[in-house]
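>>> What follows is a predicted structure for the sequence shown.
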Amino acid sequence: MLEERGFRPVVSEFDALAADHERVFVGGLSMGGGLALRIAEELGDAVAGVMVVNPSVCRPERPDVPILLALDKVKL
């Protein structure tokens, strides 16, 4: 899904890091935090952990579900 939305460079960088490292964490500030959460949501167990500061989050398709509840694919 990330690749379909034009985030191929982000996925490529994650894949490159994952190829060279046992665990990869993602993080970001504001809009980057929202992207980090989206990466964790899409890639699931491939992401070792998430660190965000003031993430910009929105789930327009499901405004009734907070984004953090949607991250059940990631081991917290």
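Thanks, I have it. As the structure is a prediction and not an experimental result, all values here were calculated from the model.

>>> Distance across stretch 16-25, terminal residue to terminal residue?
The first residue of stretch 16-25 is 13 Å away from its last residue (Cα to Cα, to the nearest Å).

>>> So what touches that stretch?
Contacts with stretch 16-25, where a contact means Cβ atoms under 8 Å, 6 or more residues apart in numbering, come from 14, 46-51. In short, each C-beta sits where N, CA and C put it, glycine included.

>>> I'd like these as JSON lines, with secondary structure, distance to residue 39 and pLDDT appended.
Output for these, formatted as JSON lines (DSSP: H, G, I helix; E, B strand; the rest coil; distance: Cβ to Cβ, whole Å; pLDDT from 0 to 100):
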{"residue": "14", "secondary structure": "helix", "distance to residue 39": "7", "pLDDT": "93"}
{"residue": "46", "secondary structure": "helix", "distance to residue 39": "9", "pLDDT": "94"}
{"residue": "47", "secondary structure": "coil", "distance to residue 39": "7", "pLDDT": "95"}
{"residue": "48", "secondary structure": "coil", "distance to residue 39": "12", "pLDDT": "95"}
{"residue": "49", "secondary structure": "strand", "distance to residue 39": "12", "pLDDT": "93"}
{"residue": "50", "secondary structure": "strand", "distance to residue 39": "8", "pLDDT": "92"}
{"residue": "51", "secondary structure": "strand", "distance to residue 39": "12", "pLDDT": "94"}
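
>>> Which of these sits closest to residue 27?
Nearest to residue 27 among the contacts of stretch 16-25: residue 51, at 3.7 Å, using Cβ to Cβ.

>>> those strands in this protein, which residues are they?
Here the chain has its strands, by DSSP state E, at 25-29, 49-53.

>>> Packing partners of the last one?
Think strand 49-53. Under the contact definition 3 or more Cβ pairs under 8 Å, 6 or more residues apart in numbering; DSSP states H and E, strand 49-53 sits against strand 25-29, helix 31-43.

>>> buried residues in that strand?
By neighbour count on 16 or more other Cβ atoms under 10 Å, the buried set for strand 49-53 is 50, 52.
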